[in-house]
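Engineer: Just a sequence and a predicted model for now, questions to come.
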There are 2 protein chains.
Amino acid sequence: MTWAEDLASLKERARDIQDLGHAQAVLAWDQETLMPPKAGPSRGRVLGVLSRLAHERIADQKIASLLASVESSGKLKPGSDDAAFIRLVRRYHEHASRVPSELVAEIAEHDSRSQQAWVQARPANDFAAVEPYLAKSVELRRRVSEYFPEHAHPLDTHIDAADEGMSVAVLRTLFRQLRDELVPLVQAVTAKPAPDDGFLSSKFPKAKQLAFSHKVLARLGYDFEGGRLDESAHPFSITLGAGDKRITTRVRSDESDVLYSLMSTIHEFGHSTYEQNIKPEYDGTPMFTGASAGVHESQSRLWENIVGRSRGFWTFWYPRLQRAFSKALKEVDLESFLRAINKVETSLIRTEADELTYNLHIIIRFDLECELMEGKLAVKDLPEAWGARYQSDLGRRAADDRDGVMQDVHWYGGYWGVFQSYTLGNILSAQFYSTALQQQPELAAQLAAAKTSGLHRWMKKNIYQHGSKFTPTELVQRVTGSPLTIAPYIAYLREKYGALYGL
Amino acid sequence: MTWAEDLASLKERARDIQDLGHAQAVLAWDQETLMPPKAGPSRGRVLGVLSRLAHERIADQKIASLLASVESSGKLKPGSDDAAFIRLVRRYHEHASRVPSELVAEIAEHDSRSQQAWVQARPANDFAAVEPYLAKSVELRRRVSEYFPEHAHPLDTHIDAADEGMSVAVLRTLFRQLRDELVPLVQAVTAKPAPDDGFLSSKFPKAKQLAFSHKVLARLGYDFEGGRLDESAHPFSITLGAGDKRITTRVRSDESDVLYSLMSTIHEFGHSTYEQNIKPEYDGTPMFTGASAGVHESQSRLWENIVGRSRGFWTFWYPRLQRAFSKALKEVDLESFLRAINKVETSLIRTEADELTYNLHIIIRFDLECELMEGKLAVKDLPEAWGARYQSDLGRRAADDRDGVMQDVHWYGGYWGVFQSYTLGNILSAQFYSTALQQQPELAAQLAAAKTSGLHRWMKKNIYQHGSKFTPTELVQRVTGSPLTIAPYIAYLREKYGALYGL
C-alpha cells in the first residue's frame, strides 16, 4: 500500500475510535442526567464493552505499522492537518499500547474499588480505611510510568496525558513563582474587612434560576441547536458528537445561593463553546477536541471568572437578576453585589474557594502528589503533611480528614496528574485575555457593556477552531507570542482585587 | 475445548452483542427524544458503527463452529434455558450470516433513499416518484429470501424474522377466517346510529394530560425505577438495558383529544411491562426480550384495548378524568364516554382506525404484500388494487394515493413482513385474556373495579418472565392449551360491541 492509502486507513480507524468514544459519551450523559436508578449495573457493563472495543482499536499493532509507513514516507507537510493527525494518533497509540492490558485492567478494577472505599470512608472520617488503597494506587501509577522511560519524574507520564508537554520540573518552578505572588496578596486582601454576602443565600426558585441561566447562555453565544442544558448531580460539559455538545448544571436542593447554578453554567459554557467551535472538518479525527485539559480549563475560567465576575458583565445583568429575584435583591446595589461575588476568604475546601485562594489549594495538592509519587512522602504521613501545608499556606488546619485530605475524589478515584490543569487554566485564561485586549483594544469597551461576541470571535479564531491541531505549548506561543507566563494573571488579580479591596 | 467451554464462549459473545444492541438503543432513544437538531448526521454515523460491530459479531464464523460443537454434544437438556439459548443464537446467526454483507449494505442504502423519497412524494401525492424504489425493494427482499430455501413463500423469510414459525400459508387461512367474521360484524355495527364523540376533542392542557398518564401508569404497575415516560414525535417503547425499559408518548400540538396521548401510553405500557418482567437472569442472552412481534403486540393491545377501553377500567378512572378536565367533561356521563371511546367507523387511515375495523386494514396490506412478493401484482398496479380492496372490504375508496397506498412508512422504509404482527397481537390478546379469566375467574370482579394487578401477575407468570425462551408457537400452546385461534377474539368482539351497539 502507498503512504496515502495507509493514511486513509488510519483516518478510517480514527473515525471509528472517535465514534465509539461518542457512543460512550451519550451513555455517560444519560447516566448522569436521566437514567432510571435500576439501570446502573447494566449501564456500567455496556460502557465497559464500548471502552474495551475502543481501547483494542487504538492499541492495535496494525496502527503502529500504518503510522511507521506514513511517518517514514517524508510526505507529510509540516504544519499541515495531516501532520497533526499523525502526531496525535501516535500519541494516543503510545499511551494505549505501551501499558500491558493486564495492568490496565488491574488499575480499572482497583480504582473502582478504591473509589467505593472512599465513598464509605469519607463520611466516617476514616483515613485508615482508604490508606491501603491509596498506597496501591501510587504503586500502580509508578508501574505505568515505567513504560515511559522518556519521562524524568514518575508523575510526568500522568501529567503529560492531561497536559501535553508539561512536567513536574516545569510546573514546580511555575507554581513556586505563583505561590510567592499569591500568598502576600491573599494576606493583604484578607486583612481588609470582609464584604457582606449573606443576601446571596436566601431562596431563589429553581425554575427562575434555570430560566435566567438560559438567557445568559443565549447571550454568551451558546448554540442550543447543537447543545442542551440539563441537570445532574455534578455539573459537567461533554461532547456527544458533532453538533452535540451539552452542559449540565445543578441547583441546590434548598434553592439557596443565586450564583451556585449560574456560575457553574457559565463555567461549563466555556468548555462547551470551545468544543462547539472547532472546525467541523476535524470531526472524526483526534483534533476534534480541546488542545489539553489546561487549555480547556482556561476557557471555563475565562468565562466564569474574568468575564462572569466582572463589573461590565453585571452592569448589564444585575438589573435583570434583581428583577428576577426582587424580594432578595431589590435593596442590594451593584457595588455591594460585585464585592459579594468576589469575596476572598481562606477556606478548607477547594471547591468552595474563591478565585484568589483557589490556586493555593491546587499547589498544595500538586506538591504532595509529587512527593507521594517520589516515595518521599509515605501515605500514612499524608494527613499530617496536608494539615501542615494548609496551616502554612492558608493559615487554617482542618479539624478532621473528611474536610482535609479526603475532600476530593481525585486520588481515590484514580485521577492522578490532573490537579495542575485547574491552575494552568487560571494562568492561561489571563494570558489569552490580555493578548486579546492588546490585539483588539476595542474589546474593553464592549466588555464594559457585557457585549462578549467580539471576545468570543477572537477566541474562536485564535483557539477554538484549531481543536488540538497544535500542542498546548505551540498554541500558547502562537496565540500570545510568548511561552506560558504568570505575569498577565498576577497583573489581572492585582488590578481587580486592588480595586475591590482598596489596596 | 469442551462443549461447556464452547457454551461459555457463546454466552460471552452473546452478552457483548446484546450490550452493543443496548448501546444502540440508548443512542436511538436520545435521538428521538432530546437530541439537538444539529447532531443528526453524526449520530447516524455512530449508530452505523455500532450496528456494523454487532452484525460482525453475530455473523462471525466462529459462532457457527461453537454452535456446531454444542449442538452435536448431546449434552443440552431439552426444555432447559441453555437449549433455548442455543436455539436463539442459531436463529440469529443464520439470519445474519446467510445474506452476503454486500446485499445487507445495498438494502440499508436503498431503504434509506427509498424512505427519503417517500417523505417527499407523499405530501405531493406522487406515487410515480416512489414506484421504482418500491419495485427495487420487492426485488431486494426476494433476493434475501433465496438464501432461505426452507421457506415456501418469498415473504416467509421476512415474516419469520418478526414472528417465528408464521408463514403466508398459515396466515392466509387465519386472516380469511377473521375477515369472514369481521366484515358482517362491522356492517351490523355501522348500520346503527354512531355515538357522539365530539367532546373528546376540545382542549386538554398538556401538563395535565401527562400528569394523568403518570397516575394511570403507576396504578397499572409500570416500574418508574426501571423506566421513564418522555415525549417524542412517534410514541415507542424501547429497552436500553436491564432495569431500563422506557416509553414515550405524544400530546397533540393543539392539545386536543384527551385520549390521544393516554391510550398510546397504555399501549406502550403493555410492551414495556412485558420487557420489565422478564427473568433478570436472562440479561445478556437472546431470551431477554419478548417472544415475537405478535406476542409483544398482544400485550400492548391487551392493556390498551381489552383493559384500557373497558367499562371496569373507566368506572374507576372516568370520575378522575372528569375532575382533571371538568370543563370539557363535566356534563358527559360514563355511558356516553364509553360509547365514544369505542366508536366504530370505517375509515381510510389505519392508524386512526378503531379496534373493530383495524384488522381489515391489516389484512388488505398482508394480501397485497403477498401478491407483490409473488410477482402476481406489479408495483404500477398497486394503487388500483389498494383502492379496489378498500372499496370491497371497508366500503370506501381514498380520493388520492396520499391517503391510500402511500399512508404507511413500512414498505417505503424497508419494513416487509411485519404488518401481520398487529393482527396477530389482537388475536392473541383475547386468547391470553380468556385463558386468564378461565383459570382465575376472580379476575373478572377485580377488573370490574380496575384492579389489574391480578391480571398482570398472571401475565408475568405465564408470559413475561419467560422472555423468548419459548417459540411463539410453543408459548401459545403452553399458556392456553391450544394453538393460535381466533375464537376468543371473535367472542370478545361480539360480546363487547353487541352490548355497546345493542345488536
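Structural biologist: In hand now; what should we look at?
Engineer: ok, and the closest non-adjacent residue to A:Ala169?
Structural biologist: Excluding the flanking residues, the one nearest A:Ala169 by C-beta to C-beta, 6 or more residues apart in numbering or on different chains is A:Ala152, at 6.6 Å. For the C-beta atoms, the positions are set from N, CA and C on the backbone; glycine is no exception.
Engineer: so that neighbour sits in a helix?
Structural biologist: No: the assignment for A:Ala152 (DSSP: H, G, I helix; E, B strand; the rest coil) gives coil, which keeps it out of a helix.
Engineer: what about it, distance to B:Val99?
Structural biologist: Here A:Ala152 is placed at a distance of 57 Å from B:Val99 (C-beta to C-beta, to the nearest Å).
Engineer: With neighbour numbers in mind, choose between these two.
Structural biologist: Between A:Ala152 and B:Val99, B:Val99 has the larger neighbour count (other C-beta atoms under 10 Å in any protein chain shown), namely 19 against 10.
Engineer: Which secondary structure state is assigned to that one?
Structural biologist: Going by three-state DSSP, the secondary structure assigned to B:Val99 is coil.
Engineer: give the contact list for it.
Structural biologist: For B:Val99, the contacting residues are B:Val144, B:Tyr147, by C-beta atoms under 8 Å, 6 or more residues apart in numbering or on different chains.
Engineer: show me the contacts for A:Ser482.
Structural biologist: A:Ser482 makes contact with A:Gln431, A:Val476, according to C-beta under 8 Å, 6+ apart.
Engineer: Spell out which helix or strand contains it, please.
Structural biologist: Following DSSP states H and E, one finds A:Ser482 outside all helices and strands.
Engineer: looking at it, A:Trp317 is touching A:Ala449, isn't it?
Structural biologist: No: contact criterion C-beta atoms under 8 Å: A:Trp317 and A:Ala449 do not qualify, at 11.2 Å.
Engineer: Pick out whichever of the two has more residues nearby.
Structural biologist: Between A:Trp317 and A:Ala449, counted using other C-beta under 10 Å, the more crowded position is A:Trp317 (18 against 11).
Engineer: Need phi/psi at the more buried one.
Structural biologist: Torsion angles at A:Trp317 (phi, psi; degrees, to the nearest 10) stand at phi -80, psi -30.
Engineer: per-residue pLDDT, the residue in the stretch 201-350 of chain A that chain B sits nearest to?
Structural biologist: For the stretch 201-350 of chain A and chain B, the shortest gap (C-beta to the nearest C-beta) falls at A:Gly243, measuring 3.1 Å. Per-residue pLDDT puts A:Gly243 at 97.
Engineer: That one: what's it in contact with?
Structural biologist: So A:Gly243 contacts A:Glu225, A:Gly226, B:Pro36, B:Pro37, B:Lys38, B:Ala39, B:Gly40, B:Pro41, B:Ser42 (C-beta under 8 Å, 6+ apart).
Engineer: again, only using 7 Å
Structural biologist: A:Gly226, B:Pro36, B:Lys38, B:Ala39, B:Ser42 (C-beta atoms under 7 Å, 6 or more residues apart in numbering or on different chains).
Engineer: how far does whichever helix or strand the last one is part of sit from the chain's center?
Structural biologist: Using DSSP H and E, B:Ser42 sits within helix B:40-59. For helix B:40-59, the distance between its averaged C-alpha position and the chain's averaged C-alpha position is 24 Å (C-alpha atoms, centre = their mean, to the nearest Å).
Engineer: List the buried residues for the helix or strand that comes right after that helix?
Structural biologist: Sequence order places helix B:61-71 as the next helix or strand after helix B:40-59, per DSSP H and E. In terms of neighbour count (16 or more other C-beta atoms under 10 Å in any protein chain shown), helix B:61-71 has its buried residues at B:Ile63, B:Leu66, B:Leu67, B:Ser69, B:Val70, B:Glu71.
Engineer: got it, and stretch A:293-312?
Structural biologist: Under 16+ other C-beta under 10 Å, the buried positions of stretch A:293-312 are A:293-312.
Engineer: Stretch A:214-227 too?
Structural biologist: A:Val216, A:Leu217, A:Leu220, A:Gly221, A:Tyr222, A:Asp223, A:Gly226, A:Gly227.
Engineer: Quickly name whichever of the residues you listed is closest to A:Pro235.
Structural biologist: A:Leu217 (12.9 Å; C-beta to C-beta).
Engineer: can you give me the angle the longest helix seen in chain A makes with helix B:40-59?
Structural biologist: In chain A, ranked by residue count with DSSP state H as the criterion, the top helix is helix A:3-33. Note on geometry: by axes from the mean of the first three to the mean of the last three C-alpha atoms, to 10 degrees, helix A:3-33 and helix B:40-59 are set 100 degrees apart in direction.
Engineer: Can you name every helix or strand that helix A:3-33 contacts?
Structural biologist: Using 3 or more C-beta pairs under 7 Å, 6 or more residues apart in numbering or on different chains; DSSP states H and E as the contact test, the elements touching helix A:3-33 are helix A:40-59, helix A:61-71, helix A:81-97, strand A:237-241, strand A:244-249, helix B:3-33, helix B:40-59.
Engineer: I'd like the buried residues of stretch A:214-227 as JSON lines, with distance to chain B appended.
Structural biologist: Output for the buried residues of stretch A:214-227, formatted as JSON lines (distance: C-beta to the nearest C-beta, whole Å):
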{"residue": "A:Val216", "distance to chain B": "18"}
{"residue": "A:Leu217", "distance to chain B": "13"}
{"residue": "A:Leu220", "distance to chain B": "17"}
{"residue": "A:Gly221", "distance to chain B": "15"}
{"residue": "A:Tyr222", "distance to chain B": "11"}
{"residue": "A:Asp223", "distance to chain B": "8"}
{"residue": "A:Gly226", "distance to chain B": "4"}
{"residue": "A:Gly227", "distance to chain B": "6"}
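Engineer: all helices of the stretch 201-350 of chain A, in order?
Structural biologist: In the stretch 201-350 of chain A, the helices defined using DSSP state H, counting those that start in this stretch lie at A:206-220, A:258-276, A:293-301, A:311-324, A:326-329, A:334-341.
Engineer: Tell me which of the ones you listed is the most buried.
Structural biologist: When you average the neighbours per residue for each of the helices of the stretch 201-350 of chain A (mean count of other C-beta atoms under 10 Å in any protein chain shown), helix A:293-301 leads with a mean of 26.
Engineer: tell me the mean pLDDT over that helix?
Structural biologist: 98.
Engineer: now for it, which elements pack on it?
Structural biologist: helix A:258-276, helix A:420-439, helix A:472-480.
Engineer: now the helices and strands packed on helix A:3-33 as JSON lines including distance to B:Ala84?
Structural biologist: As requested, these are exported to JSON lines (distance: least, C-beta to C-beta, whole Å):
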{"stretch": "helix A:40-59", "distance to B:Ala84": "21"}
{"stretch": "helix A:61-71", "distance to B:Ala84": "39"}
{"stretch": "helix A:81-97", "distance to B:Ala84": "39"}
{"stretch": "strand A:237-241", "distance to B:Ala84": "37"}
{"stretch": "strand A:244-249", "distance to B:Ala84": "39"}
{"stretch": "helix B:3-33", "distance to B:Ala84": "12"}
{"stretch": "helix B:40-59", "distance to B:Ala84": "17"}
